[in-house]
Each structure stands twice: as structure tokens, then as C-alpha cells.
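>>> Need a 3D model of the sequence below.
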Amino acid sequence: MATSFAIIIREVAKHLNAYRSGDASTVNTDYTVATPTTTQVADPFFSLAFIQDKVIDAHGRLALEIANVRAHPWRAWIGNSVTATIASGVVLPLVATNAKSIVGCWGQVLNGGTIMSEAAPERVQQYLYDPLNFNQPNLYYIDGGYIYHTASSMTINCCTYERSTVAALVTSTPPGNITLPDVLVDAIVAGAVMECIIEAKGVEQASYFKTLFEGAIASIRQGQTTMPMMTLKATA
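All right, here's what the predicted structure looks like:
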């Protein structure tokens, strides 16, 4: 079950001491409100909009880190899509069939339902120069922003991400859910808090949360699905 961005926003705001002052009952009521507003988050330095931006930034950073690890099982969370059909010798697309920007490394290259194999340029070009004398192999190679392959056309599995999509979830009433696994809630909070520095305000705790966030990123880069010092969050 996905976690609401409201939980992340309220945790970040609490770490930053950004809630309005009041007695214990008022503070507790403000903290648990379903849609945080400037009535509750009233700090002149760490404003609600600023906190929301940093939450979006941290969420996006984690999404891109996941997308950059080709074998990571969480890539399915990152706008899982596919390219339109691609001919040989053309520029790789920037947008997938879901009309969103392609991010991270490429996934499997497919000729219909058959997985194509990456090969040395010489092998692919040998077939392209003389296709009549070879049985058609399922090979490809990528050269810069271009792809060359031995099929009539092919597609590539890919991840997609748009900041505007996440921003709409964060600022909706009530806020929508994160588009990453729940185990990353603490990492999103840590990534947001570490970026919340106004002049000298927030520097010391930013260093602590930076350590947590970088630990999560290191785990993702190693293909792990458990986060150091991170726990699953309640969703209510």
C-alpha cells in the first residue's frame, strides 16, 4: 500500500520545526491534518511550497538512481514503458509510448517478443552490409545517441519520469501517494531535509540526513531493495 505525500511533508516540516507554535493539542492536530497548508506550516524560512519542492526533488533523485540500475527490480515503479518501433541507424527516442520522458539506462531490446543481444559493431554491420548471405541474427549496438540492429524494427523497454506528474501529486488536495516503494519513505524525508538550508539555518541536521540519503542511494546502486536505517512507514 502506497504512502501519501502528506506523511512525508509533515515529517519534513516537523524536522524543520516549521509548524506554527501552540500548545500540545494544537501542534498534534496540525501534524495529523490530511492536507498540510500554510495555516499549519507557517515558518517564514521553510515555507510549505519550499518543503514541497524539496520533497519532489528527493523523490525524483531516488527515481533516477533506480532507473540507472538496469537490473534493479524497482525499475518497474519508474514509469515502466516501451519505445515506439525503431528502425536501424536512427536516433534513440527521448519520449516513450506513454508520452513521458525516458530516463535512466535502457532495458531489454526486443524484436517482437524476442530479446535481442548486444554485439560488437562489426557483427551487426556485417549483417547490414550483406543480409542475403546470413541468417538474420537478433543483434544490436548503440553508438552515442544512435542504435543499429539487425531487425526490420525493434522496441526498447524503458523507464519514464516527469517532475510535473509528481508535483501534481504533492500539491493536490489531499496529496497523492508516492510512486516509489514504501521502504523509501524515510529516504525521501532524509533527502528533502538535507536540502533545506537557508543561509546557516538547518546546516547541522542537513549533514545527518545527508548521510542517511547517501546510504540509501548506495544501496540502490548495488541493486538492493533494503535500505540502511530505513523502516517501512505506516500509511495512515
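>>> and the spatially most central residue of the chain, what are its phi and psi?
The chain has Ala63 as the residue nearest its centroid, 1.4 Å off, counting by CA atoms, centre = their mean. Torsion angles at Ala63 (phi, psi; degrees, to the nearest 10) stand at phi -60, psi -40.
>>> That one reaches Trp74, doesn't it?
No - Ala63 sits out of contact with Trp74 when judged by CB atoms under 8 Å, with a separation of 9.1 Å. C-beta coordinates here come from the backbone N, C-alpha and C atoms, glycine included.
>>> Can you list the low-confidence ranges for the chain?
1, 228-236 (pLDDT under 70).
>>> how about 90 then?
1-2, 21-27, 44, 113, 127-137, 197-207, 225-236 (pLDDT under 90).
>>> buried set for the strand or helix carrying Phe50?
Secondary-structure element containing Phe50, defined by DSSP states H and E: helix 48-67. Within helix 48-67, the residues that count as buried by 16 or more other CB atoms under 10 Å are 48, 50-63, 65-67.
>>> Would you mind measuring from Tyr31 to Val170?
Counting by CB to CB, to the nearest Å, the gap from Tyr31 to Val170 is 18 Å.
>>> Those two: who's more crowded?
Val170 (20 against 14; other CB atoms under 10 Å).
>>> pretty sure the more buried one contacts Val55?
Yes - taking contacts as CB under 8 Å, Val170 lies within contact range of Val55: 6.0 Å.
>>> residues shared between the contacts of these two?
Common contact partners of Val170 and Val55 (CB atoms under 8 Å, 6 or more residues apart in numbering): 5, 9.
>>> Surely Ala120 and Asp143 touch.
No - using CB under 8 Å as the test, Ala120 is too far from Asp143 to be in contact (11.4 Å).
>>> Could you tell me which residues touch both of those two?
Between them, Ala120 and Asp143 share no contacting residue, judged by CB under 8 Å, 6+ apart.
>>> Leaving aside the residues adjacent along the chain, what's closest to Arg20?
Ala42 (4.0 Å; CB to CB, 6 or more residues apart in numbering).
>>> I misspoke; the intended subject was Ile178.
Ile178 sits nearest to Thr3 (CB to CB, 6+ apart), 5.4 Å away.
>>> What number of residues are in the vicinity of that neighbour?
Neighbour tally, Thr3, other CB under 10 Å: 21.
>>> and Ser81, how many residues sit next to it?
Counted with other CB under 10 Å, Ser81 comes out at 18.
>>> What residues does the closest residue to it other than its chain neighbours make contact with?
If the residues on either side of it in the chain are set aside, Ser81 comes closest to Ala96, at 3.9 Å by CB to CB, 6+ apart. By CB under 8 Å, 6+ apart, Ala96 lies in contact with 79, 81-84, 102, 158, 160.
>>> Would you check which pair of those residues lies furthest apart?
Gly79 and Ala84 (15.4 Å; CB to CB).
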